[in-house]
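# I would like the atomic coordinates for the input below:
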Amino acid sequence: MKRRVSPWPILIAAWCLAPAPVTAAPRRPNIVILLADDWGFTDVGSFGSEIRTPNIDALAARGVRFSNFHVAGSCSPTRAMLQTGVRNHRAGLGNMPETIPPEHVGKPGYDTVLNDRVVTIAQLLRDQGYRTYFTGKWHLGKTPTKLPHARGYDRAFALADAGADNFEQKPIIGMYDKADWTEDGRPATLPPDYYSSTFIVNKAVSYIDSGHGSGRPFFASINFLANHIPVQAPDAYLQRYRDTYRAGWDALRSARRARAVALGIISGDAAMVRMETSARWQPSIEASAAMTAYAAMAEAADHEIGRLVAHLKATGAYDHTVFVFLSDNGPEPLDPRTRLINRLFLSANYDFTPEHAGQRGTLTSIGPSWASAAAAPLRGYKFSAAEGGLRVPLVIAWPANRAIRGGRIAHGFTDVTDIAPTLLALAGVPLPGPRYRGRMIEPMTGRSLVPLLEGKAATIHPDDQPIGYELSGNAALFKGRYKLVKNLPPTGDGGWHLYDIVADPGETRDLTAADPARARTMRADYAAFAARDGVLPMPAGYTAAGQINANAFDTVARPKLERAAPFAALALLVLLAGALGWRLRRRRARRR
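All right, here's what the predicted structure looks like:
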């Protein structure tokens, strides 16, 4: 009888000696940043808004909403931190060209452009094979070496200014001489049928499609002008909100708060203050017209986001795309017509008829009362360091990533510097070292949000980690659930105040007297941050609004007046000579 030989040793040996199976490399996601301009905390439907934003809400349903996310109080500093993951002073944006006082010009950290000590996420992704595209508002420098094509973007159609007209290629008159649009660093012309949100998405789609056959993932930074001044929208959207805001800003704040509570964005215990800058509501077409235009402009931007998403679905790119939606700061409170000279000048260049608000040829702005409502239930708005200026909506979605459970809300403190390291982590790209292409660079200070996205952590910033912030004299120090904040007039008293922004996001209960030790420690933390980042004190009497007017006069009006001065002097001499000749002739006539 023959002995049976078991096949298992042979099979095991064959299995051990066989080469390991080749596994496909993880697919690197496409990345799309959707940056809104001057949207308040509850301007998105899934954060509590009455404004129709179904496409952003659909991304929120597939991703994570962040209810405690912070940016800077104005656009350029936020954009610098978003692009680099580095605090704004270290990136060169201690202030913007429109709001910087003369005393700070040229000082370290006050370049007013994105400096060369930082590297952008576009540069890092392009180094790893990504196609990189930029469309819309840049506002981080105008010279060829400071435009997006020189900071890591393969293709870029960019506006170098803070804002511009949404229907025509013209600037905000009085602030700029021209609408400074460029494509790949060269002056560009807008099409005759231009509307900002539509064009910015169209251009992004054309760039994305141009590299479709390359097999390489893309990174697209899409930067809307909506809802920066001038607030403008196509007529079809304006009609949808004609009757929406007749109850006024106080009613809107209450309604927004109630919806935010129902959605789980804030706690039902969260209190709300009425801003001292909010006027008494008096119903009229004029009073509600600006907010009508504002809502229409936001919905128009959301519609264009929907077109982009539909296109990515049709081309098979949607599932493997990371989407990031956020606003660059809170809602804009400034009314350009608060000064008589501004009213006279702007009225000669724009249509301010209430019935036409938001249409072509207008310069619509919502002012402080509606801005307070757009930021509800928070205190403050753009420019301030109050939560209404710094806390904005953030949505991150990656449809194909099963680790990111859709519809969740992350309540832990997060910061705009966290976005760049998050996207690098999702793309499998390492953080840069201390040197980049032969030069020393600032390290990224943000932290990856991936643990929050995957529900593995409630927070990424330790409770004992101080995070400092300053812009135009308005300052804050975040530490765990606490915030120490100072706002200069007119939105503050110039003193420091302490709040628990988890229990009290509306900043209604100052804890300084109740917890003086914490306030002292956080003051010391802020002083250390200010010294480290080179924060400068503001000149006496400084306000952002006043500096905008002064700088606009110096950069736009004064040069025109100086160029016109010789002609004006010549004209005056001619008039004086004529008057003198007339008087001499009269005297001679009398003597006769």
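
# What segments of the stretch 251-400 of the chain are strands?
321-327, 394-397 (DSSP state E, counting those that start in this stretch).

# Who does the very next helix or strand once past the last one pair with, and is each partner parallel or antiparallel?
Going down the chain from strand 394-397, the next helix or strand is strand 408-410, by DSSP states H and E. Sheet partners assigned to strand 408-410 using DSSP bridges are listed as strand 64-66 (parallel).

# what does the average pLDDT come to for the partner strand?
The average pLDDT within strand 64-66 is 98.

# Other residues contacting that strand?
By Cβ atoms under 8 Å, 6 or more residues apart in numbering, the surrounding residues in contact with strand 64-66 are 46-47, 265, 393-397, 404, 406, 408-410, 414, 449, 452-453. Where you see a C-beta, it was placed from the backbone N, CA and C, and this is true even at glycine.

# From the contact counts, what lies against the helix or strand just after it?
Moving toward the C-terminus from strand 64-66, the next helix or strand (DSSP H and E) is strand 69-70. The contact analysis (3 or more Cβ pairs under 8 Å, 6 or more residues apart in numbering; DSSP states H and E) places strand 69-70 against strand 414-415.

# Give the other helices and strands that the strand it packs on contacts.
Identification of packing neighbours for strand 414-415 by 3+ Cβ pairs under 8 Å, 6+ apart yields strand 69-70.

# roughly how far out does the helix or strand just after the strand it packs on sit from the chain middle?
Per DSSP H and E, the first helix or strand lying C-terminal to strand 69-70 is helix 75-84. The chain centroid and the centroid of helix 75-84 are separated by 8 Å under Cα atoms, centre = their mean, to the nearest Å.

# quick one: residue 176 from residue 550, how far?
Residue 176 sits at a distance of 15 Å from residue 550 (criterion: Cβ to Cβ, to the nearest Å).

# before we move on, what about residue 216?
According to Cβ to Cβ, residue 216 stands 47 Å off from residue 550.

# Now for this protein, the helix or strand with the poorest mean pLDDT.
Ranked by mean pLDDT, DSSP states H and E, the helix or strand of the chain with the weakest confidence is helix 8-17, at a mean of 32.

# who's more crowded, residue 176 and residue 550?
residue 176 (19 against 13; other Cβ atoms under 10 Å).

# List the residues that contact the more buried one.
161, 164, 556.

# Let me see the confidence value for it.
95.

# cool, and residue 261?
Looking at residue 261, the pLDDT reads 98.

# Check residue 562 too.
55.

# try residue 153
pLDDT, residue 153: 98.

# Hmm, residue 122 and it touching each other?
Yes - if you go by Cβ atoms under 8 Å, residue 153 and residue 122 touch, sitting 5.1 Å apart.

# which neighbours do those two share?
Listed as contacting both residue 153 and residue 122 by Cβ under 8 Å, 6+ apart are 132, 134, 221.

# which phi and psi does the first one have?
Phi and psi for residue 132, reported as degrees, to the nearest 10, are phi -130, psi 130.

# and the residue nearest to residue 441 when sequence neighbours are not counted, what is it in contact with?
Nearest residue to residue 441, sequence neighbours excluded (Cβ to Cβ, 6 or more residues apart in numbering): residue 119, at 5.2 Å. By Cβ under 8 Å, 6+ apart, residue 119 lies in contact with 84, 152, 432, 436, 441.

# burial measure for the third one, as a count.
Spelled out, it's residue 432. Count around residue 432 with other Cβ under 10 Å applied: 21.

# what bits of the protein have low per-residue confidence?
Flagging of the chain using pLDDT under 70 yields the residue ranges 1-26, 557-565, 567-575, 577-579, 581-582, 584, 589-592.

# Would you point out which residue is most central in it?
Centroid-nearest residue in the chain: residue 328, 1.5 Å away (criterion: Cα atoms, centre = their mean).

# wait, it sits on residue 75?
Yes - with contact defined as Cβ under 8 Å, residue 328 reaches residue 75; the gap is 4.6 Å.

# what do these two both touch?
Joint contacts of residue 328 and residue 75 (Cβ under 8 Å, 6+ apart) are 37-38.

# quick one: buried residues of stretch 289-308?
289-306, 308 (16 or more other Cβ atoms under 10 Å).

# next one: stretch 237-245
By neighbour count on 16+ other Cβ under 10 Å, the buried set for stretch 237-245 is 237-238, 241, 245.

# Same check on stretch 50-67?
51-53, 55-60, 62-67.

# Of the residues you listed, which is the nearest to residue 461?
residue 66 (12.6 Å; Cβ to Cβ).

# measure that closest one to residue 459 for me?
Counting by Cβ to Cβ - residue 66 and residue 459 are separated by 11 Å.

# Name the residues contacting each of the two.
Both residue 66 and residue 459 are contacted by residue 452, under the criterion Cβ under 8 Å, 6+ apart.

# Next, check the contacts of residue 176 against the helices and list the overlap.
Judged by DSSP state H, helices contain none of these.

# Make a markdown table out of these and add distance to residue 418.
Listed next are the contacts of residue 176 as a markdown table, based on distance: Cβ to Cβ, whole Å:
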| residue | distance to residue 418 |
| --- | --- |
| 161 | 28 |
| 164 | 30 |
| 556 | 37 |
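
# which of these tops the neighbour count?
When the contacts of residue 176 are compared by neighbour count (other Cβ under 10 Å), residue 164 ends up highest, at 24 neighbours.

# right, and that residue touches residue 175 too?
No - under the criterion of Cβ under 8 Å, residue 164 makes no contact with residue 175, lying 9.4 Å away.

# so what's residue 198 up against?
Contacts of residue 198 by Cβ under 8 Å, 6+ apart are 300, 304.
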